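>>> got a predicted model here, sequence first, then my questions.
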Amino acid sequence: MSTVRIGTRASVLAKTQSELVAAMLRERLGLETELVEVLTHGDRTQATGTPISALPDSGTGVFVSALRDALLRGEVDVAVHSLKDLPTAAPEGIALAAVPTREDPRDVVVARDGLTLGELPVGARVGTGSPRRVAQLHALGLGLDVVGVRGNVDTRIAKVRSGEYDAVLLARAGLARIGRLEEVTEVLDPLQVLPAPGQGALAVECRADDALADALTALDDRASRAAVEAERAVLATLEGGCSAPIGALAELVEGEDGEELWVRAVALSRDGGLSVRMSATGAPDDAAGLGARLAKEMLADGAAELDAGPAGPAAHQDAATDPATDRVHDA
């Protein structure tokens, strides 16, 4: 293969993330690369201002399907996604060939006057398009006026600078990748706000029958893949039994008997008034099984009865509306 064609969305963040993968292909495998821009359904609806929640299936996969279609048609050889955008169902004919080393998955606050969430006054307007973030903000009991927002990172931050909003919530990973961490006024502890499953990680996909799939494993990071496999198993299992906003975070830690995978997850009612929060540890090589078992315990403990409202599976709304891939959206 003379040149690897990398499918990417046209946003600044998406192209930055795709160039990170391109650099790894050049440095680790000695391959020439070319970025190929693909317009997705999510990008078109953003241009018209259509809310993600108004799309069929609550926006599941709106930033993914066009890239996968281009891959299957042979127009590109590799597709790069923010991993949290990926629907949990495995696509036919496509392999998740690599999960490179993950960025910090936490959420951050960009607020006026350098304020933190706790320093914002009661009634302050905080913008986010994510039901996961909305629910967890309400659960903190700070009396904030949480309002919807779309647009890319610049658009969202501009709403704070103009005084339209007092703060916005974003994914730290996206800001880190485009060199905008100086905008952050607070990094949120996962004890306050758990990130979306897969947040901060990139997904490198190729056709399952392409010989390139084996070579791409050189880009894979073991700890990052184990963590996102556990988180996505939580999401997939919970989606089968509830439609509540979902957060999850898995981390590789040193246990008494060696490495362990520690998984934390939460499912909440949309208003944040009810929640089921659990954690578990297990072997890294059983990441998906660990995540699925944790989610089943959550369902048995009441997650299935949480009222998420009419908008459907909120975790994918989160994936589709987060700003880290520069919406577009996250990372």
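That came through, no problem. Numbering: from 1, shown residues only.
>>> name the SS class of the nearest residue to Ala218 once chain neighbours are set aside, please.
For Ala218, ignoring the flanking residues on the chain, the nearest one in space by C-beta to C-beta, 6 or more residues apart in numbering is Arg28 at 4.9 Å. Yep, even glycine has a C-beta here, placed from its N, CA and C like the rest. Following DSSP: H, G, I helix; E, B strand; the rest coil, Arg28 is assigned to helix.
>>> ok, Arg28 to Trp262 distance?
29 Å (C-beta to C-beta, to the nearest Å).
>>> so for these two, which residue has more residues nearby?
For Arg28 and Trp262, the more surrounded residue by other C-beta atoms under 10 Å is Trp262, and the numbers stand at 17 against 12.
>>> partners of the more buried one in the sheet?
Beta-bridge pairing for Trp262 (DSSP bridges): Glu251, Thr281.
>>> what of Leu96?
If you apply DSSP bridges, the partners that Leu96 bridges to are Glu205.
>>> burial count for it?
When neighbours are defined as other C-beta under 10 Å, Leu96 has 22 of them.
>>> what do you get for Glu305?
Counted with other C-beta under 10 Å, the neighbours of Glu305 add up to 13.
>>> and the pLDDT at it?
Among the per-residue scores, Glu305 holds a pLDDT of 90.
>>> so what's it up against?
Cys242 (C-beta atoms under 8 Å, 6 or more residues apart in numbering).
>>> can you list the domains in this protein?
Domain assignment of the chain by automatic domain parsing yields the ranges 3-100+200-221, 227-310.
>>> among those, which is nearest Leu144?
domain 227-310 (10.8 Å; C-beta to C-beta).
>>> low-confidence regions, the protein specifically.
The chain contains residues with pLDDT under 70 at 1, 41-62, 307-331.
>>> 80 - rerun?
Residue ranges of the chain with pLDDT under 80: 1, 40-63, 240-243, 307-331.
>>> strands of that one, start to end?
Listed in chain order, the strands of the chain (DSSP state E) span residues 3-8, 32-37, 78-82, 94-98, 107-111, 125-127, 145-147, 167-171, 186-187, 202-207, 246-255, 258-268, 275-282.
>>> got these as CSV, with distance to Val193 columns?
Listed next are the strands of the chain as CSV, based on distance: least, C-beta to C-beta, whole Å:
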stretch, distance to Val193
strand 3-8, 29
strand 32-37, 33
strand 78-82, 18
strand 94-98, 26
strand 107-111, 5
strand 125-127, 12
strand 145-147, 12
strand 167-171, 8
strand 186-187, 10
strand 202-207, 22
strand 246-255, 7
strand 258-268, 9
strand 275-282, 12
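>>> out of those, which gets nearest to Ala223?
Ala223 sits nearest to strand 246-255 of all these, at 4.5 Å, using C-beta to C-beta.
>>> list the helices and strands that closest one packs on?
Using 3 or more C-beta pairs under 8 Å, 6 or more residues apart in numbering; DSSP states H and E, the elements in contact with strand 246-255 are helix 131-139, helix 222-239, strand 258-268, helix 287-300, helix 314-321.
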